[in-house]
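In: A predicted structure for the sequence below; I have some questions about it.
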Amino acid sequence: MDIVSLIMEYKWILEVCYALIISSICMVIVTKTDKFFKLSMHQGIRYFRNAFFFYGVAFIGRYVFGLFSDMNWKSTLVIQFLFEYFLITAGFFLLYSLIYKKIESSKEQHLTSLVNSKVIIFHIMSIILATSDILFKSYFFMFLSQIIIFLCASIIAYNNFNKNKKKEFPKFYFLATIIGLVAWLLNYLAASFFEWNHQILINVGIMNILFFLLFLYGVLKVTKK
């Protein structure tokens, strides 16, 4: 039995482990960056923290989706909608952590960074995109939005890396966003042209874990200092 067949045989168990691993990584990142934000009051860290909060919730939702995938179609659609909504929102926050200075003034004070007058647009757009996928019975709008988000984030992260080559975190940020971009492109290709090819999806899963591990490693290094 080859490795792909073995993975498919234990697919449900591996999906649960996969979701729990990523959710656990996100929980550590959120905890560490929250403490760091309270010390530095750096708004970029605050939005970066929010991104991984939503990623963590999304993958917990993915775990729930796996548990209840055989339930009635209404429950399945609700869980799919929530998964996409949280995942898309996380992508928006990740990008916003890089560009917030161009949108917010330093004097602005928001009671919460999860939902305020600036980021409410993320939630609205996430709802529209997730709803569109439900209506058209596809993942196209989620894939398209994340490819665009990660392409923009990669370009900005690369420029930040060039300006701050002595700092380590911009390097991890750039590498992680490139991996995220490639993973979303492969996911789109697998869904649109290769009928959810198992080999491609396994590679996407590995890249997703690497994406989160890179950010975890970068956060741990920065917060340790």
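Out: Good, I have the coordinates.
In: and the nearest residue to Gln43 once chain neighbours are set aside, what is it in contact with?
Out: Closest residue to Gln43 apart from its sequence neighbours, by CB to CB, 6 or more residues apart in numbering: Tyr100 at 5.8 Å. C-beta here means a position set from N, CA and C on the backbone, and glycine is covered the same way. Going by CB atoms under 8 Å, 6 or more residues apart in numbering, Tyr100 touches 43-44, 47, 118.
In: ok, now with 7 Å
Out: By CB atoms under 7 Å, 6 or more residues apart in numbering, Tyr100 lies in contact with 43-44, 47.
In: check Cys17 too.
Out: Cys17 makes contact with no residue, according to CB under 7 Å, 6+ apart.
In: how about it, secondary structure?
Out: helix (DSSP: H, G, I helix; E, B strand; the rest coil).
In: mind checking pLDDT for it?
Out: We have a pLDDT of 87 for Cys17.
In: could you do the one 5 residues further on as well?
Out: For Ile22, the model assigns a pLDDT of 95.
In: let me see the backbone angles for it.
Out: Ile22 has phi and psi values of phi -60, psi -40 when expressed as degrees, to the nearest 10.
In: count of neighbours near it?
Out: 24 (other CB atoms under 10 Å).
In: swap in the one 5 residues further on?
Out: Taking other CB under 10 Å as the neighbour definition, Met27 ends up with a count of 14.
In: show me the contacts for the residue lying closest to it once chain neighbours are set aside.
Out: The shortest distance from Met27 to any non-neighbouring residue, by CB to CB, 6+ apart, is to Gly56 (5.7 Å). Contacts for Gly56 (CB under 7 Å, 6+ apart) come out as 23, 26-27, 30.
In: and if you look at Phe143?
Out: Residues near Phe143 by CB under 7 Å, 6+ apart: 184, 187-188, 191.
In: and for Tyr173?
Out: Tyr173 makes contacts with 157, 218, as judged by CB under 7 Å, 6+ apart.
In: so how do I select the buried members of the contacts of Phe143 in PyMOL?
Out: For the buried members of the contacts of Phe143, the matching PyMOL selection, counting by 16 or more other CB atoms under 10 Å, is:
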select buried, resi 184+187+188+191
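In: which ones among the contacts of Phe143 lie within helices?
Out: When these are checked against helices (DSSP state H), the matches are 184, 187-188, 191.
In: of those, closest to Ile3?
Out: Lowest distance from Ile3 to these (CB to CB) belongs to Asn187, with 20.0 Å.
In: gap between that closest one and Leu135?
Out: Taking CB to CB, to the nearest Å as the criterion, Asn187 is separated from Leu135 by 20 Å.
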